[in-house]
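*Asks:* What shape does this take:
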Amino acid sequence: MFSSGATTETYELAFTTPPGPDLAGIPTASLNIITPHVSTGLPYDVACAQHISSTFAASKVFIVASKSLAATTVRLDRLIAAIDKAHVVGVRKGITPHTPWSEILSIAAECRDAEADCIVTLGAGSLTDGCKIVGLCLANNIRTPEELATYSLESKTPPSKVHEPTVPLICIPTSLSGGEYFSLAGGTDDATGHKQPFLHSGMGSRLVILDPELCLTTPEYHWLSTGIRAVDHCVEALCCLTAMEESDRKAEEGLRSLVPGLLRCKADGEGKDVEARAKCQAGVRLGMECVRMGVPMGGSHAIGHQLGPLGVPHGVTSCIMCPAVMKYNIRHSNGKSEIASRQLKVKEILWSVRQVADTLRGTGLDPNTADLGDCLSAIIAALGLPQTLKDMKISPDVIPALSERALADFWSPTNPIPLVKAEQVQEILEAIAG
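*Replies:* Numbering: from 1, shown residues only. Next up, the predicted model:
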């Protein structure tokens with residue numbers, strides 16, 4: 001634990017529970033799923049510099065930073081200065097959305113040539129996913145797309161032995177997508193445009209540095225929409241019919257932090273509410289712990305995964321899908337009382353938080369008649385976020401093909417009403433066509 005001036009760091013493991021028997025449908029019994037540490041309380045640059053030298057004993061640091069953050073702020077410069085420019089062996093500004101393999105391999109080559117002994121990401125999303133796979137490339141001397149393809153979970157010819165990454169990854173997130181807590185990563189084959197999953201022992205970040213003040217720089221739309229992604233983790237965890245008492249507790253706590261935190265961020269016209277951003281960051285971590293515990297998500301995530309290739313950001317997929325899936329599930333519950341009781345519990349959590357209840361009443365909702373889908377839709381509207389395919393310029397013509405593709409997702413059958421027929425997905429999508 002370090003300190004800086006009057007502030008003291010909290011340094012602890014991200015999770016108190018072990019990983020579940022599968023991670024997003026992938027068995028984990030034979031894998032070493034690492035748990036990152038989390039640093040809070042110190043400025044991001046101070047914490048990063050201290051952990052590089054003291055925790056990881058590293059001296060050749062490669063930084064992958066958000067292109068917009070690097071172009072519009074001095075935050076990257078601050079980080080380089082804190083680490084000491086002499087110890088920064090490379091900087092990459094930005095990774096293309098959906099993480100192309102060509103860029104992963106290019107960064108890995110630069111790290112290899114510079115003999116980097118620590119990788120730091122400043123930003124989120126594709127940066128985080130890409131650098132998880134960069135570590136895998138360095139450990140296994142992966143240099144070509146053909147070699148990388150064999151390490152994909154979809155590979156028919158996987159390598160007989162996979163070496164665990166040894167170059168530590170430090171993530172400094174500036175959004176609420178939560179990928180820094182997840183060992184699984186996705187990368188897109190440039191040749192086919194197909195995004196493929198990667199998960200091997202030792203993959204993932206070793207340290208997550210949370211600095212809510214840094215996140216004041218994140219554009220509002222991106223911050224709030226990725227926040228709804230985190231809300232979606234909590235909601236689908238609480239609605240899961242195979243959830244555990246511990247996951248219910250963590251998902252509820254996450255929801256109680258996230259939703260009022262996001263509403264406060266939206267109301268923060270001057271962009272100064274650091275405490276609200278800290279509440280959101282705390283909620284992300286709790287929601288991601290549910291996923292890591294093996295609590296399966298449902299239709300919102302399953303269908304949302306198919307919207308990504310159409311240009312819809314992950315956070316926005318949850319804005320569109322989560323209320324619609326909740327309404328579909330309750331409409332087709334056919335007497336399954338646990339579906340109704342779990343949705344009621346989530347609704348009661350939302351109405352029990354004063355700021356959330358005020359927002360819901362302000363839209364004309366009545367707690368006695370509004371269902372969970374209504375409540376989520378009202379919250380998303382209050383945040384000024386899109387809720388239909390039309391909002392994202394997606395034609396209804398794609399719905400039939402989209403519905404078929406969604407059935408292949410690992411979380412379609414784990415929806416409380418299992419999604420096993422294309423017409424089920426089509427019904428959900430037609431309701432939010434706009």
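*Asks:* count of neighbours near Pro260?
*Replies:* 20 (other Cβ atoms under 10 Å). C-beta coordinates here come from the backbone N, C-alpha and C atoms, glycine included.
*Asks:* just the strands in the stretch 101-250 of the chain please.
*Replies:* Ranges of strands in the stretch 101-250 of the chain, per DSSP state E, counting those that start in this stretch, are 118-122, 169-172, 185-188, 195-198, 207-210.
*Asks:* Give me the contacts around the fourth one.
*Replies:* With Cβ atoms under 8 Å, 6 or more residues apart in numbering as the contact definition, strand 195-198 has outside contacts at 24, 26, 98-99, 132-133, 136, 149, 151-154, 184-189, 308-309.
*Asks:* In helices, which of these appear?
*Replies:* Those of the contacts of strand 195-198 mapping onto helices are 132-133, 136, 149, per DSSP state H.
*Asks:* will you turn the strands of the stretch 101-250 of the chain into CSV that also has distance to Ile320?
*Replies:* Listed next are these as CSV, based on distance: least, Cβ to Cβ, whole Å:
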stretch, distance to Ile320
strand 118-122, 27
strand 169-172, 27
strand 185-188, 20
strand 195-198, 19
strand 207-210, 28
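*Asks:* Compare the ones you listed and give me the one nearest Gly364.
*Replies:* Among the strands of the stretch 101-250 of the chain, strand 207-210 comes nearest to Gly364, with 36.5 Å by Cβ to Cβ.
*Asks:* tell me the mean pLDDT for the closest one?
*Replies:* Per-residue pLDDT values over strand 207-210 give a mean of 98.
*Asks:* same for that strand, what does it pack against?
*Replies:* Secondary-structure packing of strand 207-210 (3 or more Cβ pairs under 8 Å, 6 or more residues apart in numbering; DSSP states H and E): strand 37-40, helix 44-50, strand 169-172.
*Asks:* Please state the offset of the first one from the chain centre?
*Replies:* What it means is strand 37-40. With Cα atoms, centre = their mean, to the nearest Å as the basis, strand 37-40 stands 17 Å off its chain's centre.
*Asks:* Name the strands paired with it and say parallel or antiparallel.
*Replies:* Counting by DSSP bridges, the strands paired with strand 37-40 are strand 10-13 (antiparallel), strand 207-210 (parallel).
*Asks:* which helices and strands does the helix or strand hosting Ala251 pack with?
*Replies:* Using DSSP states H and E, Ala251 sits within helix 245-267. The contact analysis (3+ Cβ pairs under 8 Å, 6+ apart) places helix 245-267 against helix 220-239, helix 274-292, helix 337-352, helix 354-362, helix 372-382.
*Asks:* Okay, now the unreliable bits of the protein?
*Replies:* Counting by pLDDT under 70, the chain has low-confidence residues at 1-6.
*Asks:* any idea which residue of it is furthest from its center?
*Replies:* Gly335 (33.5 Å; Cα atoms, centre = their mean).
*Asks:* so it sits in a helix?
*Replies:* No: counting by DSSP: H, G, I helix; E, B strand; the rest coil, Gly335 is not part of a helix but coil.
*Asks:* Identify the spatial nearest neighbour of Pro219, chain neighbours not counted.
*Replies:* Of all residues not flanking Pro219 in the chain, Ser68 sits nearest, at 7.7 Å (Cβ to Cβ, 6 or more residues apart in numbering).
*Asks:* That neighbour: what secondary structure?
*Replies:* Ser68 - assigned by three-state DSSP - is helix.
*Asks:* That one - how many residues pack around it?
*Replies:* Neighbours around Ser68, by other Cβ under 10 Å: 16.
*Asks:* Okay, and the beta partners of Val38?
*Replies:* According to DSSP bridges, the partner residues bridging Val38 are Glu12, Val208.
*Asks:* Surely Arg78 is within a helix?
*Replies:* Yes: counting by three-state DSSP, Arg78 is part of a helix.
*Asks:* need the contact list for it.
*Replies:* Each residue near Arg78 by Cβ under 8 Å, 6+ apart is listed here: Asp45.
*Asks:* Quick check: it vs Glu154, distance?
*Replies:* Distance check for Arg78 against Glu154: by Cβ to Cβ, to the nearest Å, it reads 40 Å.
*Asks:* Thank you kindly, that will do.
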